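[1] what's the 3D shape of this:
(one chain, ligands or ions: 3)
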Amino acid sequence: MRIRIQTFNLVVFIMMGLLALSLWSVSLYWLNQQQNEETVATQRENARQQLNQLQLQQRDWLQNRWQEVRYGIADATDKDRRHAFLNQFIQRYPQLRSLRLTNSRIGLTQSGSDFNACRQAMLAAVAQATQPAIFDCPLQQQYLIGIAGRLNQAAPLPDLVMLMPYFSFIDDFQKQSGREIVQVSQAGEIISFREIRLQQGEARFIHFGYTSNDQLRGKLSLLIPVQNFNQLWLSQVIWVVPGLLLLMFMFYRLFYRAYVGPLISLSSKMHKVMRMYLPGQSVEKRHLAPGLSLLNTYFLNLTHQAKHDMLTGLNNRSMFEERLQQALDDDSQLKRKYALVFIDIDQFHGVNQRLGQFIGDGLLKQLAKRLSDGIRESDCVSRLEEDNFAMLLEFREDDELSSLVEKIYQALIQPYHVYGREIKIAIRMGVATYPEHGQDANELALRADHALLKAQKGEWPVVFEQDEGDNSDFSAFTVIQSIRKALVNDEFKLVYQPVIHLKQHQKRYLEALLRWKDEDEHRHSIDRTIELAEKNDLIKPLTQWIIESACAELQHLAMDDMQIAINLSMIDLHDDKLPDRIAYSMTRYSVKPNQLMVEITEGQIMQDPQRVIEILKRLSDMGISLTIDDFGTGQASLTYLKNLPVEKLKIDRSFVKDMVHDIDDSAIVEATIKLAHTLGKEVVAEGVENSEIHELLVQMDCDYVQGYYISYPLEWDQIHAWFEHSEAKTAS
Ligand code: C2E
Ligand code: CA
Ligand code: CA
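    Ligands and ions are numbered 1, 2, ... in the order given. Presented below is the predicted three-dimensional model:
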């Protein structure tokens, strides 16, 4: 480890050094470039000024020479003296190519017969001038500058003309500036060229063009030496490298050894510790990563460990308390209700002792998984200690909480499979709710604990804490559990309420109604039982039990023409298998299709008409007749009514109950009867409690009646007697 870190350091330092060196090189290159540009620009400007100056001097010089000749000639009184003067003059100034005096008494020509070629330019320049005028012109592929003027003011043409090479000032320039002109070209032709070999980037060419009358007369190119980058780099690198090394050394001493080094060594130690604690996790690769990354991982793990349970990965007690406190403090959502649920495994010590710690741990892990799988995002689950778990559930209605707790309870009591062993455990749960059972976390926890204690002692595995006069209704939970238990232990029964035809006494049937066998123990209404069974996935097995029992009892009744109506719930109507199951039970107990009827409420049809109609059609096709129950309460559309394979409408008892005194109710009942008859359906009135109602219904031409006036729901073994008695009564 130590060596690896050293190698790592070395690599990092070399890389850093190379990086610094290349950064320095790039900036040096850039700076050099800038500086060279600047040099070239200033040198160009200097040269230009110098050349301009020299050009002006050239003109002055020409003018001075012209005057010199003029005075010289004026002083010479005779021809010989003039000749002597001119000869002397020409020897003194060899740069003068041509000197001509025309129309004069001297008539001396230094050279050149081609002067005519320049004549035009000269004449143009002299035309307006009173003083001698400067002009330039090409001559014999050379470019010349000249001066022309009149010695004799009366002469028609200039009589003193001097010419010299245009670029004669270049020699002065070279002498003065010490700079060499590399190339001179004139009228498109190179007239002088100096070949030079240059190292790349050593010098830069600059050019000056000379134009006259918009025509390029000639060009000068000269060379400006600039700094060569390679040389510069080589000359400086000797100082820079040691400087960098020194800097890096200082960095290492001050920063790396003081901060980074200790961090790396600390994190590598932590890493070792971490591997001991988390043997399963692969952290090997991290050896190569920088120490800081190790440290980060370590701290992340540390924070996780501080808030989570090591075995199950759930929140630990302190995290849970924090979440609980947060939830209760959060008064932004005043309508929120919370339930604190404590969960305990019955006899967990026994499991540990019998099967060993390993299996015990495996069991806890699985249980934790079921708990966290079952919760919603708003909920929180934690392991407080050993086999004690806690949950914080958010809920709005008491029934919602009952269902939630039931779901969790059912999930937890399913058998566990740990290392190939099947383990069944009993679970105890205590539930307290906020704000009913405590205003703060502590109080709430005390009450949940109290409920758990009751669960551990009492016969119910799940106890909801409840105060005297507490109007929260967690009886739902007891009912749900009772239904489950009742289905297994056969604690339900059916009672049968006769429904009789008002005119044809042989037409009658029984409506099967569900009851608890032990009504003292189960005081809640059967309506509520059905509602909770529907909400908690229990209605299917319950309906199945009802169908089976009704068919069995129908067979035992041995009354061939007797029919039984069964009430179905909405969820049954969503079950595609229902018709098959009914058919199966009918065959099993030799029940004929016309002996079975089903009742569904009007509201149920309207919830999902398409689907319901499909199932109802299948039932009707089997020969089972249908009744719409609680008619008048569910706003069924007439279209559906017309199309449904329905035989009877049962007017809801809320209309029937008061129809003697309430004209509205009686009008509704009467209208319903008429409507049903128009649609070709029969009418049943339920809730017939006295003779007045009975009488009125007879008058209104109702078909069937049902109610306490006719008969209370009958036990199965009372049916025979009741019908014998009633038939005897009608016969008499
Ligand atoms: P429902 O289908 O309208 O059943 C008729 C209810 O009226 C029964 O109450 C019955 O006891 C009651 N009753 C009968 N005659 C009179 C009377 O003259 N006056 C008054 N006030 N009430 C009378 P029960 O048995 O408590 O059932 C209540 C509801 O529970 C039923 O209403 C039905 O919706 C549901 N239910 C009952 N048994 C079953 C069942 O086996 N399966 C399904 N899915 N639902 C059932
Ligand atoms: Ca009914
Ligand atoms: Ca009804």
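
[2] count the residues that sit near Met122.
    22 (other CB atoms under 10 Å). From N, CA and C alone the C-beta is placed, and that goes for glycine too.

[3] which one is it nearest to, not counting chain neighbours?
    In space, and not counting its chain neighbours, Met122 is closest to Ala148: 4.8 Å by CB to CB, 6 or more residues apart in numbering.

[4] just checking, what packs against the helix or strand containing that neighbour?
    Under the criterion of DSSP states H and E, Ala148 resides in strand 142-149. When contacts are defined as 3 or more CB pairs under 8 Å, 6 or more residues apart in numbering; DSSP states H and E, strand 142-149 sits against helix 2-75, helix 115-128, strand 133-139, strand 160-165.

[5] next SSE downstream of the shortest one?
    Scanning the chain past strand 160-165 towards its C-terminal end, the next helix or strand to appear is helix 169-177 (assignment: DSSP H and E).

[6] buried ones in that next one?
    For helix 169-177, the neighbour count (16 or more other CB atoms under 10 Å) marks Phe169, Ile170, Asp172, Phe173, Ser177 as buried.

[7] same question, stretch 443-451
    By 16+ other CB under 10 Å, the buried positions in stretch 443-451 come out as Leu444, Ala445, Leu446, Arg447, Ala448, Asp449, His450, Ala451.

[8] hang on, isn't the second one packed against Leu328?
    No: applying CB atoms under 8 Å as the test, Ala445 and Leu328 come out as separate, 11.0 Å apart.

[9] returning to what we had before: starting at the chain centroid, how far to the strand holding Ala148?
    Between the centre of strand 142-149 and the centre of its chain there are 85 Å (CA atoms, centre = their mean, to the nearest Å).

[10] tabulate the helices and strands packed on strand 142-149 (TSV), appending distance to ligand 3.
    Below are the helices and strands packed on strand 142-149 laid out as TSV (distance: least, CB to the ion, whole Å):
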stretch	distance to ligand 3
helix 2-75	83
helix 115-128	131
strand 133-139	128
strand 160-165	133
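
[11] helix, strand, or coil at the residue of the stretch 451-600 of the chain found nearest ligand 3?
    In the stretch 451-600 of the chain, the residue that lies nearest ligand 3 is Glu599 (7.4 Å; CB to the ion). Put simply, Glu599 is strand when judged by DSSP: H, G, I helix; E, B strand; the rest coil.

[12] that one bridge partners, please.
    Glu599 has these beta-bridge partners by DSSP bridges: Asn567, Thr627.

[13] what sits against it?
    Listed by CB atoms under 8 Å, 6 or more residues apart in numbering, the contact set of Glu599 reads Glu511, Ala565, Ile566, Asn567, Leu568, Leu626, Thr627, Ile628, Asp629, Lys650.

[14] wait, does stretch 563-572 contact ligand 3?
    No: taking CB under 5 Å from the ion as the criterion, stretch 563-572 and ligand 3 are apart, separated by no less than 8.3 Å.

[15] okay, that stretch in PDB with CA atoms only?
    Output in PDB follows, covering the C-alpha atoms of stretch 563-572 (Å, rounded to 0.1, in the frame of the first residue of the first chain):
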ATOM      1  CA  GLN A 563     -86.100 -20.600  -5.700                       C
ATOM      2  CA  ILE A 564     -83.300 -18.800  -3.900                       C
ATOM      3  CA  ALA A 565     -82.000 -15.300  -4.600                       C
ATOM      4  CA  ILE A 566     -78.400 -14.500  -3.900                       C
ATOM      5  CA  ASN A 567     -77.000 -11.000  -3.400                       C
ATOM      6  CA  LEU A 568     -73.900 -10.300  -5.400                       C
ATOM      7  CA  SER A 569     -71.500  -7.500  -4.900                       C
ATOM      8  CA  MET A 570     -69.900  -5.200  -7.500                       C
ATOM      9  CA  ILE A 571     -66.500  -7.000  -7.200                       C
ATOM     10  CA  ASP A 572     -68.200 -10.300  -8.000                       C
END
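
[16] got the contact list for that stretch?
    496, 499, 509-514, 530, 533-534, 539-540, 543, 546-547, 550, 553-554, 578, 594-600, 604, 607, 627, 629.

[17] which residue comes closest to Met16 once chain neighbours are left out?
    Ranked by CB to CB, 6+ apart and with sequence neighbours excluded, the top spatial neighbour of Met16 is Met248, at 6.6 Å.

[18] from what I see, that neighbour and Leu18 are in contact.
    No: applying CB under 8 Å as the test, Met248 and Leu18 come out as separate, 11.2 Å apart.

[19] ok, these two, which is more surrounded?
    Legend: neighbour count by other CB under 10 Å for Met248 and Leu18, higher for Met248 (16 against 10).

[20] list the contacts for the more buried one?
    Phe13, Met16, Gly17, Ala20.

[21] distance to Pro242, pLDDT and neighbour count added to those residues, as TSV?
    Putting these into TSV (distance: CB to CB, whole Å; pLDDT from 0 to 100; neighbours: other CB atoms under 10 Å) gives the following:
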residue	distance to Pro242	pLDDT	neighbour count
Phe13	15	77	16
Met16	16	83	14
Gly17	12	85	15
Ala20	13	89	17
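
[22] can you redo those residues as JSON lines with distance to Arg588?
    Shown next, in JSON lines, are these (distance: CB to CB, whole Å):
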{"residue": "Phe13", "distance to Arg588": "89"}
{"residue": "Met16", "distance to Arg588": "88"}
{"residue": "Gly17", "distance to Arg588": "92"}
{"residue": "Ala20", "distance to Arg588": "93"}
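
[23] how about the residues of this structure near ligand 3?
    Contact residues, the chain versus ligand 3 (CB under 5 Å from the ion): Asp629, Asp630.

[24] what residues does the chain have near ligand 2?
    Close to ligand 2, as judged by CB under 5 Å from the ion, the chain has residues Asn567, Glu599, Asp629.

[25] need the worst-confidence member of the residues you listed.
    Lowest-confidence member of those: Asp629, scoring 93 (pLDDT).

[26] how about the secondary structure of it?
    Applying three-state DSSP: Asp629 is strand.

[27] now it: how far from ligand 1?
    Remark: distance between Asp629 and ligand 1 (CB to the nearest ligand atom, to the nearest Å) = 5 Å.

[28] over to Leu364?
    41 Å.

[29] alright, calling it a day.
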